[in-house]
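Asker: Structure for the following, please:
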Amino acid sequence: MPIQTSDIELNVNNKKVKAYLANGGGPGILLLHAWWGLNPFFKQVCDRIATQGFSVLAPDLRDGQIAATIDEAKALMEKSDGDFMGQIVFTAKDHLQSLTKGKIGLVGFSMGAAWSLVVASSVPDQVGALVMFYGNEGVDYGKITAKVMGHFCEVDEWEPTEFVDNTFAEFAKAGVDATRHTYPGTAHWFVEEDRPEYDSAAALLAWSRTFEFLKAAL
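Answerer: Just a heads-up that it's a prediction; the model follows:
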């Protein structure tokens, strides 16, 4: 289906923050990028999800800066203001809800997946679905009421398996409807087409599962 795309500005504590909107109608999806910044790949993902009948908003958590290498991304992370990043995430969530009806979905990648857990546990009544790509965060898992899907590597140097095991054990304990998919032989960032870790077969499977999940949950 045809979608409308636009670059917009959010007002976050009287600071202008850029965001990308891909409007395909239907429920809202807040997309939270990995530590590289809001690069072309994540905008393409917004478009891709929007063609499935969603309104997708991706705030820029890096103030226009984009890292091409792990070292550059680490440097961006070291100088980032976590509190302000959180304000951006929640301002974007509010803006998305002003455009759409009903509960929203969250789709986060690595750093963005961590933020998606923060949102889902902070405003559980506003979130219907949460998709995490190889990211995690210590939150009050019992507060989450959204349906959850996680995509993870079998062995991931950036996301310890024990941490992921614990998260999904906590989901089970709290009665959260959570599904975990593990992709053998993949590495962190395996769905990102602009990364050397990209695995096309695993990415295709992850996306087909994600679209089916989002449509059922929202």
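
Asker: make it CA atoms for all contacts and neighbour counts henceforth
Answerer: Noted.

Asker: which one is Tyr198 nearest to, not counting chain neighbours?
Answerer: Phe190 (4.2 Å; CA to CA, 6 or more residues apart in numbering).

Asker: The one you found: what's it in contact with?
Answerer: Phe190 makes contact with 197-199, 202-203 under the criterion CA atoms under 8 Å, 6 or more residues apart in numbering.

Asker: now do Trp189
Answerer: 109-110, 134, 195, 197-198.

Asker: Also Lys18?
Answerer: Going by CA under 8 Å, 6+ apart, Lys18 touches 7-10, 59-60, 63-64.

Asker: Can you point out the helix or strand that includes it?
Answerer: strand 15-23 (DSSP states H and E).

Asker: can you pull out the strands in this structure?
Answerer: 4-12, 15-23, 28-32, 55-59, 104-109, 127-133, 147-153, 178-183 (DSSP state E).

Asker: Using JSON lines, please lay out these together with mean pLDDT and distance to Ala217.
Answerer: Formatted as JSON lines, the strands of the chain follow (pLDDT from 0 to 100; distance: least, CA to CA, whole Å):
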{"stretch": "strand 4-12", "mean pLDDT": "97", "distance to Ala217": "23"}
{"stretch": "strand 15-23", "mean pLDDT": "97", "distance to Ala217": "19"}
{"stretch": "strand 28-32", "mean pLDDT": "98", "distance to Ala217": "12"}
{"stretch": "strand 55-59", "mean pLDDT": "98", "distance to Ala217": "15"}
{"stretch": "strand 104-109", "mean pLDDT": "98", "distance to Ala217": "8"}
{"stretch": "strand 127-133", "mean pLDDT": "98", "distance to Ala217": "6"}
{"stretch": "strand 147-153", "mean pLDDT": "98", "distance to Ala217": "7"}
{"stretch": "strand 178-183", "mean pLDDT": "98", "distance to Ala217": "12"}
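
Asker: Can you add distance to Ala216 and give those back as a markdown table?
Answerer: As requested, the strands of the chain are exported to a markdown table (distance: least, CA to CA, whole Å):
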| stretch | distance to Ala216 |
| --- | --- |
| strand 4-12 | 23 |
| strand 15-23 | 19 |
| strand 28-32 | 14 |
| strand 55-59 | 16 |
| strand 104-109 | 11 |
| strand 127-133 | 9 |
| strand 147-153 | 10 |
| strand 178-183 | 13 |
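
Asker: Contacts only, for the residue most central in space within the chain.
Answerer: With distances taken as CA atoms, centre = their mean, Gly108 lies nearest the centre of the chain, 1.3 Å away. Neighbour list for Gly108: 31-34, 114-116, 131-133, 135 [criterion: CA under 8 Å, 6+ apart].

Asker: gap between it and Gly142?
Answerer: 19 Å (CA to CA, to the nearest Å).

Asker: Then Asp47?
Answerer: Distance from Asp47 to Gly142, by CA to CA: 32 Å.

Asker: Look at the two and report which has more neighbours.
Answerer: Per other CA atoms under 10 Å, whichever of Asp47 and Gly142 has more neighbours is Asp47, with 24 against 14.

Asker: pLDDT at the more buried one, what is it?
Answerer: On pLDDT, Asp47 comes in at 98.

Asker: before we move on, what about Met1?
Answerer: The model reports Met1 with a pLDDT of 66.
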